[in-house]
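Asks: generate a structure from the sequence data that follows.
(2 chains)
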Amino acid sequence: MAEFLSTKPYKGSRDFYPEEMRSREWMFSTMSRVVESFGFERYDAPLIEPLEIYLRKTSEEIVNQQIYSFLDRGERKVAIRPEMTPSVARMVARRFSELVKPLRWYSIPNLWRYEQPSRGRLREHWQLNCDIFGAQDEFLADIEILLLAINLLKAFGANQEHFRLKLSHRQILNQVLYELLSLPPESWLPIGRIIDKKDKITVAEFEDLLQKEGLDREQIKTLFSYLEEKEDFLERHAQWSSAHYLLRILKFLEDMGVRPYIDYDPAIVRGFDYYTGIVFEVYDRHPENRRSLFGGGRYDELTGAFSKEKVNAVGFGMGDVTLEDFLKTHGLWQTFPRKTELFMALFGEEELIVHSQKLAQKLRDHGFCVEMSLNSARLGRQFEEAHRKEIPLVLVIGSEEYKAGLVLVKDLNTGEQRRFSEEELLRYLKERQKNLK
RNA sequence: GUGGUCGUAGCUCAGCUGGUAGAGCACAGGAUUGUGGCUCCUGCGGUCGCGGGUUCGAUCCCCGUCGAUCACCCCA
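Replies: Numbers count the residues shown, from 1 in each chain, chains lettered A, B, ... in the order given. The predicted model follows:
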């Protein structure tokens, strides 16, 4: 008894059948269109990298548990990329001196993480990465990244009812912890993680966690005023350059008319340690999908791992899985018919087939997509095939048409059919194409 | 990693307190050999995830296991 192999894709990964691929291409090409309209250029890097480039910035635990890593045949420790940022930092560092700054670079890599798949989170996903490196004026770069993030979602048809960009600044939090709470830098990270959780837990639980971290009543009270008084708190501490900076960003975004998309949210921290300035997360506002869609921030130290020269950098990564969930949740997801517009039906005689093939080639040379039938036996089957493939036009050259130098065209949407000479056919097809656009 | 839910035809699912399975869709053929959709007829299709237990008898109850999925943990 034959045991068949499983047809399922590997856990946490997906097959993309042609109809799904069409939607994916729409998603990716929309991304490309928008970021390129801001002057971004596309790059790519290898799927496999030396393991060590991920060790520097992430904790051991994550590397061990969430990275696909192995020894290659030369006993080198390598990893399948779990994120793109170290790769792009490596590329920037390598050619740092010759690259014309600032760089606006983007990529749409597939990334792998070894983890338990769940809603919005798979083992393989694609992620739009947009980064600006080496801007003279970091403020302008930060603004541009925020505007780009908003424009991307708008390009998919989303508006301020659908999402909100929650913005914060790492330095402000650090200053609160250091200057107001007098906490040493070692405790910033665990407290940051607790603050990150704030919206998911109750106030009592939140206070409890902070107490366990060693905060007293007074410190917790101060922290609450930072978290809850928001802009008022920033105004009161405008002598801090970070607070002043964020207020300036918010003002600028207001002047740009995108303030309705932005919330200043001091509870946004983000997991990575390497953020040094603004941090943000874009949230779905739908009650059934209240989750972080994507996020990013400023990370000025990262290229320092690869060279003496540090390049300031700001960027974000937008995953395809969460974006797809978001678009579907709001009815913004799109599906597309196949591109092929012409189906050439065939009769059995070789002479007719050769003639049909020649015409098909001529039409292709004029830019049309023509699918040849691979079934010359039954015309009904061939029409059925074209219909089921959603190809709108069927061409037929039978012996009658052949003798008369004509070609029959049937429009499957209307049911109408006409006979044309080849020149008339070309004119007809071009006219039709124009009307569709 | 922890917990919940679910595994029945290629797909989506039904199957009553336990009596060895059904629908729709899909697929194949025909009504219709130079014309698709609609309709009708016929057919193909199942170790009821796997292993064990209880029982005269298990798709159904129990245990285990594997898989899927959701939530949590963790976290882009």
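Asks: can you verify my assumption that residue A:319 contacts residue A:129?
Replies: No. In this structure, residue A:319 is not within contact of residue A:129 by C-beta atoms under 8 Å, at 10.1 Å. (C-beta placed from N, C-alpha, C; glycine too.)
Asks: between these two, point out the one with more neighbours.
Replies: residue A:129 (22 against 18; other C-beta atoms under 10 Å).
Asks: give the closest residue to the more buried one in space, chain neighbours not counted.
Replies: Distances taken as C-beta to C-beta, 6 or more residues apart in numbering place residue A:84 nearest to residue A:129, at 4.4 Å, with adjacent residues excluded.
Asks: contacts only, for the one you found.
Replies: By C-beta atoms under 8 Å, 6 or more residues apart in numbering, the contact set of residue A:84 is A:45, A:107, A:109, A:111, A:127, A:129, A:317.
Asks: now swap in residue A:123 and tell me
Replies: A:10, A:11, A:12, A:13, A:112, A:113, A:114, A:115, A:117.
Asks: could I get the pLDDT score of the closest residue to it other than its chain neighbours?
Replies: In space, and not counting its chain neighbours, residue A:123 is closest to residue A:12: 2.8 Å by C-beta to C-beta, 6+ apart. Note on residue A:12: pLDDT of 87.
Asks: same check, this time on residue A:219
Replies: Model confidence at residue A:219, given as pLDDT, is 87.
Asks: I'd like the distance between residue A:324 and residue A:334.
Replies: Per C-beta to C-beta, to the nearest Å, residue A:324 is found 11 Å from residue A:334.
Asks: also residue A:141?
Replies: From residue A:141 across to residue A:334, the span is 32 Å (C-beta to C-beta).
Asks: ok now stretch A:93-104, how far from the chain's centre?
Replies: 24 Å (C-alpha atoms, centre = their mean, to the nearest Å).
Asks: which residues of the stretch 101-250 of chain A fall in helices?
Replies: Assigned helices in the stretch 101-250 of chain A, in chain order: A:138-155, A:170-175, A:188-197, A:203-212, A:217-236, A:241-255 (criterion: DSSP state H, counting those that start in this stretch).
Asks: and of the ones you listed, who's closest to residue A:395?
Replies: Shortest distance between residue A:395 and these, using C-beta to C-beta, is found for helix A:138-155: 37.0 Å.
Asks: contact partners of that closest one?
Replies: Residues outside helix A:138-155 that contact it (C-beta under 8 Å, 6+ apart) are A:30-31, A:33-35, A:38, A:102, A:128, A:130, A:132, A:135, A:162-163, A:165, A:167, A:245, A:248-249, A:252-253, A:256, A:258, A:261-262, A:277-278, A:280, A:282, A:293-294, A:296, A:298, A:312, A:314-316, A:318.
Asks: of residue A:141 and residue A:334, which one has the most company?
Replies: Neighbour totals were compared for residue A:141 and residue A:334, and residue A:141 leads with 24 against 12 (other C-beta under 10 Å).
Asks: for that one, give its distance to RNA strand B.
Replies: Applying C-beta to the nearest atom of the strand, to the nearest Å, the value for residue A:141 to RNA strand B is 18 Å.
Asks: count the neighbours of the closest residue to that residue other than its chain neighbours for me.
Replies: Among residues not flanking residue A:141 along the chain, residue A:135 sits closest, at 3.6 Å (C-beta to C-beta, 6+ apart). Residue neighbour count, defined by other C-beta under 10 Å, stands at 20 for residue A:135.
Asks: enumerate every residue touching residue A:135.
Replies: For residue A:135, the contact set (C-beta under 8 Å, 6+ apart) comprises A:101, A:102, A:141, A:312, A:314.
Asks: for ChimeraX, write a command that selects the buried ones of those.
Replies: The ChimeraX selection below is limited to those of these classed as buried (16 or more other C-beta atoms under 10 Å):
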select /A:102,141,312,314
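Asks: can you flag which of the contacts of residue A:135 belong to strands?
Replies: In strands, defined here by DSSP state E, the members of the contacts of residue A:135 are residue A:314.
Asks: ok, the contacts of residue A:135 vs residue A:426, which is closest?
Replies: Out of the contacts of residue A:135, the member with the shortest distance to residue A:426 (by C-beta to C-beta) is residue A:102, at 48.2 Å.
Asks: and the nearest residue to the closest one once chain neighbours are set aside, how far is that from residue A:168?
Replies: Counting by C-beta to C-beta, 6+ apart, residue A:102 lies nearest to residue A:135, which is 4.3 Å off, once chain neighbours are set aside. From residue A:135 over to residue A:168 the distance is 20 Å, taken as C-beta to C-beta.
Asks: could you do residue A:344 as well?
Replies: 60 Å.
Asks: same deal with residue A:413?
Replies: From residue A:413 to residue A:168 the distance is 53 Å (C-beta to C-beta).
Asks: cool, and residue A:93?
Replies: Going from residue A:93 to residue A:168 by C-beta to C-beta gives 28 Å.
Asks: again, but for residue A:210
Replies: For residue A:210, the distance to residue A:168 (C-beta to C-beta) stands at 18 Å.
Asks: more neighbours: which of those two?
Replies: Of the pair residue A:210 and residue A:168, residue A:168 is the one with more neighbours under other C-beta under 10 Å, namely 23 against 20.
Asks: you'd agree the more buried one is up against residue A:269?
Replies: Yes. Counting by C-beta under 8 Å, residue A:269 is a contact partner of residue A:168 at 7.2 Å.
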